[in-house]
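Engineer: Whatever this is, show me its structure:
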Amino acid sequence: MSNLDKLSQMNLSDVNVEDITKTLSEHQNTLIKIALVVVCLGLAVMMFTDHHKKETAIHQQISQAQAKLDAIKSRDTSIQSFKDFQASLLKPVNEVEMISLVNNYAKENHVTIASLNPSEGRNLGLYDQINLSFSAHCDDFRTLMLFLRKIERSPSPLRIDSWSGHEEEDGKIVFDVNISAVLIHS
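Structural biologist: Below you'll find the model as predicted:
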């Protein structure tokens with residue numbers, strides 16, 4: 001406490017400049033060394049601060065690049081999933097292909113088509129629906145069922161909406177069938 005009291009009572013006129021310069025000149029090498037150490041420490045702190053800022057900026061760039069890579073991978077996965085979904089859809093058919101398929105199935109199963117009536121397709125928003133009606137005959141009920149099963153199991157999106165038939169006196173099966181197909185808009 002006494003040192004503080006002395007400092008508060010001290011006056012600038014009491015300071016001896018000659019003593020200070022003498023002390024400084026005697027310890028000149030020590031003062032230079034201390035100044036060099038302080039300057040070096042200051043430079044080290046500035047270099048560390050600059051390095052830390054650069055490192056932080058690089059880490060931010062790396063995280064942004066990683067986020068972009070993740071987004072690209074997610075997009076590629078979505079595109080591949082969409083392509084897989086499209087590939088899993090049944091092969092679409094138009095009216096001409098539908099008639100051709102039914103004729104081919106009829107030939108394979110020994111069914112004779114007497115009349116064929118395609119109807120105009122209907123646009124139902126996300127898809128179009130096409131319809132086909134025909135009258136046919138075959139030798140027995142088993143042949144009829146094999147023919148209808150062949151249509152239902154077609155790799156194309158065919159569906160039997162309705163069918164009706166009866167047996168003639170000569171044993172032939174006469175039947176009428178309504179078939180529809182869906183064309184998904186892509």
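
Engineer: Quantify the burial of Ile99 by counting its neighbouring residues.
Structural biologist: 17 (other CB atoms under 10 Å). All C-beta atoms are positioned from the backbone trio N, CA, C, and that covers glycine.

Engineer: residue ranges with poor pLDDT in the chain?
Structural biologist: 1-15, 89-92, 121, 123-125, 185-186 (pLDDT under 70).

Engineer: any idea how far the residue most central in space within the chain is from Ser115?
Structural biologist: Central residue of the chain (CA atoms, centre = their mean): Ser78, 2.5 Å from the mean position. With the distance defined as CB to CB, to the nearest Å, Ser78 ends up 48 Å from Ser115.

Engineer: and the top helix by length along the chain, how far out from the chain's middle?
Structural biologist: Of all the segments of type helix in the chain, defined by DSSP state H, the longest one is helix 28-88. On the basis of CA atoms, centre = their mean, to the nearest Å, the separation between the geometric centre of helix 28-88 and that of its chain is 28 Å.

Engineer: Give the other helices and strands that that helix contacts.
Structural biologist: Helices and strands touching helix 28-88, as assessed by 3 or more CB pairs under 8 Å, 6 or more residues apart in numbering; DSSP states H and E, are absent.

Engineer: hey, C-alpha coordinates of the helix or strand just after it in PDB?
Structural biologist: The first helix or strand that comes after helix 28-88 along the chain, using DSSP states H and E, is helix 95-108. Only the C-alpha atoms of helix 95-108 are listed here, as PDB (Å, rounded to 0.1, in the frame of the first residue of the first chain):
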ATOM      1  CA  GLU A  95     -55.500 -49.800 -80.000                       C
ATOM      2  CA  VAL A  96     -53.700 -51.400 -82.900                       C
ATOM      3  CA  GLU A  97     -51.300 -53.300 -80.600                       C
ATOM      4  CA  MET A  98     -54.200 -54.400 -78.400                       C
ATOM      5  CA  ILE A  99     -56.100 -55.900 -81.400                       C
ATOM      6  CA  SER A 100     -52.900 -57.600 -82.600                       C
ATOM      7  CA  LEU A 101     -52.300 -59.100 -79.100                       C
ATOM      8  CA  VAL A 102     -55.900 -60.400 -78.800                       C
ATOM      9  CA  ASN A 103     -55.600 -61.900 -82.400                       C
ATOM     10  CA  ASN A 104     -52.300 -63.600 -81.500                       C
ATOM     11  CA  TYR A 105     -53.700 -65.000 -78.200                       C
ATOM     12  CA  ALA A 106     -56.800 -66.300 -80.100                       C
ATOM     13  CA  LYS A 107     -54.600 -68.100 -82.700                       C
ATOM     14  CA  GLU A 108     -52.400 -69.600 -79.900                       C
END
